[in-house]
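Trainee: just a sequence and a predicted model for now, questions to come.
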Amino acid sequence: MAISKNVKLPHLFYGGDYNPEQWPEEVWKDDMRLMKKAGVNIVSIGIFSWAALQPGPDKYDFAWMDRLMDLLAENGIMADLATATASPPAWLARLHPESLPVDENGARYAQGSRQHYCPNSKAFRLYGQRLVRMLAERYKDHPALAMWHINNEYACHISRCFCDECTLEFRNWLQKRYGTLDELNARWGTNFWSQKYYEWEEIGLPGKTPTYANPGQQLDYMRFMSDSLLDAYLGEYRILREITPELPIMTNLMGAHKPLDQFEWAKHMDVITWDSYPEPTGGIPVFAAMQHDLMRGLKGGQPFILMEQVTSQVNWRQQNPLKRPGVMRLWSYQTVAHGGDGVMFFQWRQSKAGAEKFHGAMVTHTGDENSRVYREVEQLGLELQRLDALIESRVEAQVAIVFDWHNWWALELDSKPSRDVLYLEQVKQYYKALFEHNVGVDFVQPDADLSGYKLVLAPALYMVAPGVQANLESFVQGGGTLLTTFFSGIVDENDRLHLGGYPAPLRKVLGICVEEFDPMLPGQTNGIAVEGLGEADGQYSCSLWADLIKLEGARSLASFTSDFFAGSPAVTEHAFGKGRAYYVGTQAEAAFTKSLIGRILADLELQAPLQAPEGVELTVRRAADGERYVFALNHNAAAAQLTLPEGAYTDLLSGSSFNGSLELAANGVVILQRQG
Ligand code: GAL
């Protein structure tokens with residue numbers, strides 16, 4: 001099997017987390033049989049094996065891992081080998097209690113669960129990296145070794161630590177970032193509330209404070225924690241890169257996960273992998289799709305791998321219903337439809353003991369191939385082998401959503417006009433409208449090259465950091481269409497105001513000035529009257545926020561219907577250079593957002609690849625040879641009728657041909673390629 005830094009397997013990745021140290025070795029042989037039968041070609045091993053690999057500070061046991069690696073190689077199954085640092089052994093906590101993280105109240109976390117380490121702990125890093133070096137030296141030439149899996153889901157449980165080692169490191173981090181205390185004081189605005197620092201040693205972590213801590217400090221602390229975890233990752237990464245320069249290295253991310261600036265992390269990953277556990281209510285299928293797109297965006301559209309999902313049910317929500325028959329398959333194809341080159345699970349065999357014994361797996365507690373779950377796993381594994389043509393193809397998108405972790409952190413700090421303005425919720429609304437129109441969406445950073453897109457949305461872009469104003473202006477100047485929304489363009493990268501009328505850095509491109517804003521109380525609504533938008537014209541309700549907008553060249557598309565600002569603009573459009581910029585100064589009901597987006601898409605001649613009823617999701621992947629593959633996924637409980645564009649089409653999954661139209665069963669999927 002050829003494996004390069006870009007990770008190549010002969011088929012799409014298929015497999016899961018494999019924890020054979022929980023089972024007697026006789027079971028391993030049956031695991032191999034069942035894996036092969038289901039088309040498994042790669043498994044993640046060693047993720048929680050530190051204690052099994054290193055029983056004491058100077059004692060190692062690699063014999064079982066040797067046998068496991070050999071067994072995988074004999075069976076033609078590749079290993080995504082983990083560095084085992086995700087859960088330190090008990091002896092580390094005994095010898096180095098300071099390696100355990102500390103919460104904001106100063107209490108130390110206990111050993112006995114997992115992820116109980118401070119990322120800045122010298123002992124954790126020393127022992128962890130020593131083990132990583134031994135693993136890399138031992139298995140570097142092993143035929144089963146396909147790629148490295150560093151640690152596991154960084155910041156899943158512990159994203160902040162307030163220990164003494166972190167305090168010292170925070171000061172070093174700040175010194176590197178700002179050079180002098182004068183600069184730091186200016187960036188943090190410490191003339192407020194007598195917060196000025198005269199010595200570096202006076203600076204602490206924003207732990208327990210009587211009321212709001214300094215926002216600049218809070219924001220930098222979030223950056224610092226993301227960087228500290230990344231630095232712990234890089235400590236292992238450098239060892240692996242040195243010993244196995246050709247092998248791909250990554251860690252599994254968690255989708256729209258707030259603590260880590262994942263665009264920054266992605267620079268140090270050869271392939272993006274992530275774990276998807278969509279909420280059974282509200283998250284499906286839109287939010288899952290959005291996160292796939294976000295993860296694909298981290299490396300500029302390069303295909304990603306779904307490292308974990310569950311076959312049937314998780315064990316960590318209040319109630320954990322089963323995925324209905326066909327749903328696991330449908331969501332797996334949603335992954336591929338959004339640029340996934342692999343579909344994997346947590347985990348292979350359902351545990352007998354421990355905190356995850358009720359978490360679903362590919363092989364359930366029946367222990368054999370006769371369960372419903374295994375049969376679905378087998379069907380999917382064999383089907384995926386027919387999709388080699390998709391490997392490394394790219395998702396088509398002419399629309400981008402700007403996404404920024406620093407913006408997320410700053411927007412949701414305390415002491416804001418409204419605590420109800422949540423970044424993901426704002427982004428989701430606009431993503432949902434695009435999703436319902438079935439157009440492809442990329443996620444990009446605010447300073448990304450936008451020239452390849454016709455439409456760029458930047459919802460709630462509260463922070464406009466240096467360079468972003470010019471980037472957005474030149475995009476619109478050159479003919480692009482931009483849409484942004486209330487509470488955008490408010491602060492700089494240190495959460496200090498951009499003065500001169502909101503949204504100061506975006507005023508020119510938007511042709512407006514917001515003099516005041518009026519956050520609404522829970523349950524409070526206003527209305528907007530829309531005129532001049534064709535089909536979207538009419539009255540809609542709005543909530544959460546109202547901007548008091550003055551036009552400075554823009555035209556009003558909708559105005560508020562009540563309160564003292566009744567009749568003033570709520571939604572605007574501005575011709576700027578060769579392009580256009582839209583501003584939405586409230587949270588309108590979803591029907592308006594969908595209509596507005598529909599209207600903009602129609603103006604730009606952006607449309608779905610075929611005609612499908614509501615609830616059918618469509619995406620397109622394009623291969624390097626120009627071949628296009630149209631995915632249609634029916635999320636409805638009933639069959640749906642699709643109208644195809646001209647020509648005859650083959651479904652890659654069933655091999656059937658279609659012309660004109662086709663009926664897609666409930667939970668059904670087709671991947672259509674045009675014939676000839
Ligand atoms: C993930 C984690 C896995 C497993 C899984 C259960 O967060 O990486 O190890 O715990 O959740 O859903």
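Mentor: Received the coordinates, thanks.
Trainee: give me the pLDDT for the residue of the stretch 251-400 of the chain found nearest the ligand.
Mentor: Of all residues in the stretch 251-400 of the chain, Phe346 sits closest to the ligand, at 4.3 Å by Cβ to the nearest ligand atom. For glycine as for every other residue, the C-beta is placed from the backbone atoms N, C-alpha and C. You'll see Phe346 listed with a pLDDT of 98.
Trainee: apart from its neighbours in sequence, what residue is nearest it?
Mentor: Sequence neighbours aside, Glu308 is the residue nearest to Phe346 in space, at 4.0 Å (criterion: Cβ to Cβ, 6 or more residues apart in numbering).
Trainee: residues contacting that neighbour?
Mentor: Residues counted as contacts of Glu308 (Cβ atoms under 8 Å, 6 or more residues apart in numbering) are Gly16, Asp17, Asn252, Asp275, Ser276, Tyr277, Met344, Phe345, Phe346.
Trainee: rerun that using 7 Å as the cut-off
Mentor: Neighbouring residues of Glu308 by Cβ atoms under 7 Å, 6 or more residues apart in numbering: Asp17, Asn252, Asp275, Met344, Phe345, Phe346.
Trainee: got phi/psi on the fifth one?
Mentor: Backbone torsions for Phe345, taken as degrees, to the nearest 10, come to phi -130, psi 150.
Trainee: if we ignore the residues flanking it in sequence, what's nearest it?
Mentor: Once flanking residues are discounted, Phe345 sits nearest to Gly16: 3.7 Å by Cβ to Cβ, 6+ apart.
Trainee: give me the neighbour count for the one you found.
Mentor: Number of residues near Gly16 (other Cβ atoms under 10 Å) recorded here: 28.
Trainee: the one 4 residues further on now?
Mentor: Pro20 is flanked by 23 other residues according to other Cβ under 10 Å.
Trainee: shouldn't the residue nearest to Phe345 be in contact with Gln350?
Mentor: No. Gly16 lies out of contact with Gln350 (Cβ atoms under 7 Å); the separation is 11.0 Å.
Trainee: let's verify Pro417: helix, strand, or coil?
Mentor: Here Pro417 is coil, with the state taken from DSSP: H, G, I helix; E, B strand; the rest coil.
Trainee: sorry, that was for Gln641
Mentor: strand.
Trainee: how much space between Ser541 and the ligand?
Mentor: Relative to the ligand, Ser541 is positioned 38 Å away (criterion: Cβ to the nearest ligand atom, to the nearest Å).
Trainee: surely that residue forms part of a strand?
Mentor: Yes. Ser541 forms part of a strand when assessed by three-state DSSP.
Trainee: that one against Gly527, yeah?
Mentor: Yes. Ser541 is within contact range of Gly527, at 5.5 Å (criterion: Cβ under 7 Å).
Trainee: what sits against Tyr374?
Mentor: Counting by Cβ under 7 Å, 6+ apart, Tyr374 makes contact with Met362, Val363, Thr364.
Trainee: what number of residues lie near Ser657?
Mentor: 12.
Trainee: now do Asn407
Mentor: 24.
Trainee: about what we covered before: these two touch, right, the residue of the stretch 251-400 of the chain closest to the ligand and Asn19?
Mentor: No. Using Cβ under 7 Å, Phe346 makes no contact with Asn19, being 9.6 Å away.
Trainee: average pLDDT for the host helix or strand of Leu424, rounded please.
Mentor: Using DSSP states H and E, Leu424 maps to helix 423-436. Per-region confidence: helix 423-436 scores 98 on mean pLDDT.
Trainee: please, where are all the helices along the stretch 451-600 of the chain?
Mentor: Using DSSP state H, counting those that start in this stretch, the helices assigned to the stretch 451-600 of the chain run over residues 468-477, 507-510, 590-603.
Trainee: Ser568: which of the ones you listed is closest?
Mentor: Of all the helices of the stretch 451-600 of the chain, helix 507-510 sits nearest to Ser568, with 15.3 Å by Cβ to Cβ.
Trainee: so if I had to pick from Ser541 and Gly527, which one is more boxed in?
Mentor: Counted by other Cβ under 10 Å, Ser541 and Gly527 do not tie: Gly527 has more neighbours, with 19 against 15.
Trainee: show the contacting residues for the residue nearest to the more buried one when sequence neighbours are not counted.
Mentor: Using Cβ to Cβ, 6+ apart and skipping residues adjacent in sequence, the residue nearest Gly527 is Thr561, 3.7 Å away. Counting by Cβ under 7 Å, 6+ apart, Thr561 makes contact with Asn526, Gly527, Ile528, Ala529, Gln539.
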